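[1] sequence unknown, structure follows:
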């Protein structure tokens, strides 16, 4: 059985700078793969390449093979026309971005933004049907009084609720792959735990495959069954989550784990 997505020798350059250098990854239906590494290691650029959002700003090479229901077989996302990617983006592959305040349109109500995601792929729906689906999506991510808050603007809701709204927008079309790019970075630890629990529940309920991107190994350990470690645009180690977090083989993975402070960490060390 072919993997849901198979990335082969992905290379992304911005002028003379190589942000991603020969990344190869694959993800099966319903699997959660954690992608970890320090800031600037190429994690987000890899995600944007999958989504086809780099445009003419980057030179992208390699292959991203996607087992598409809509296309009736495996297609190379890097060879899709913009119109073809628009049909897949949101319907089969969706993404949650890092900063919920900048990802949401500040002058459009949250309900309309969620409804717009549905209407983009279901032109036969009426506005009333799209609104009903949007309210259902907001309720599914535990937005309190979703029908009443449909007309609120992003600045009227908390950071944790904005992140939930992004999750509702990503999942309203029931995609097969969800890319979560540092979805809890801007949140405090209590809200972070709530968002992670919500993502876990939705992943199990809908059988989603998920590419979970983070620099936090503890968070990835909660979410993923398999982990890939990136450094300087390359994948340096891949393995089952339990094995990689307890017995890492690559020196960089060991240094990442050693950088996590514990109660025994010497506070005098820089």
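    Yep, that arrived. Just so it is clear, the structure is predicted and the values come from calculations on it, not from any experiment.
[2] surely residue 64 touches residue 49?
    Yes. Contact criterion CB atoms under 8 Å: residue 64 and residue 49 qualify, at 6.9 Å. All C-beta atoms are positioned from the backbone trio N, CA, C, and that covers glycine.
[3] need the overlap of contacts for these two.
    10, 78 (CB atoms under 8 Å, 6 or more residues apart in numbering).
[4] tell me if residue 13 really is in a strand.
    Yes. Residue state for residue 13 (DSSP: H, G, I helix; E, B strand; the rest coil) corresponds to a strand.
[5] measure it to residue 42 for me?
    11 Å (CB to CB, to the nearest Å).
[6] neighbour count: these two, which is higher?
    residue 42 (23 against 16; other CB atoms under 10 Å).
[7] immediately after the helix or strand containing residue 83, which helix or strand?
    Counting by DSSP states H and E, the element that carries residue 83 is helix 82-88. Once the chain leaves helix 82-88, the next helix or strand it forms, by DSSP H and E, is strand 93-96.
[8] which helices and strands does that following strand pack with?
    helix 43-51, helix 159-171, strand 177-181 (3 or more CB pairs under 8 Å, 6 or more residues apart in numbering; DSSP states H and E).
[9] return the set of buried residues in the helix holding residue 83.
    For helix 82-88, the neighbour count (16 or more other CB atoms under 10 Å) marks 84, 87-88 as buried.
[10] which residues do residue 13 and residue 42 both contact?
    residue 19.
[11] tell me which strands and helices the lowest-mean-pLDDT helix or strand in the chain is in contact with?
    The least trusted helix or strand in the chain, going by mean pLDDT, DSSP states H and E, turns out to be helix 100-103, with a mean of 78. Here helix 100-103 touches helix 159-171, going by 3+ CB pairs under 8 Å, 6+ apart.
[12] for the helix it packs on, what does the pLDDT average out to?
    Averaged across helix 159-171, pLDDT comes to 90.
[13] can you check stretch 36-54 too?
    Per-residue scores along stretch 36-54 average to 93.
[14] number the residues from 28 up from this point.
    With the count now opening at 28, the last piece we talked about shows up as stretch 63-81.
[15] buried sites along that stretch?
    So, applying 16+ other CB under 10 Å, buried residues of stretch 63-81: 63-64, 68-79, 81.
[16] pull the distance from it to the chain's centre.
    Relative to the centre of its chain, stretch 63-81 is centred 10 Å away, using CA atoms, centre = their mean, to the nearest Å.
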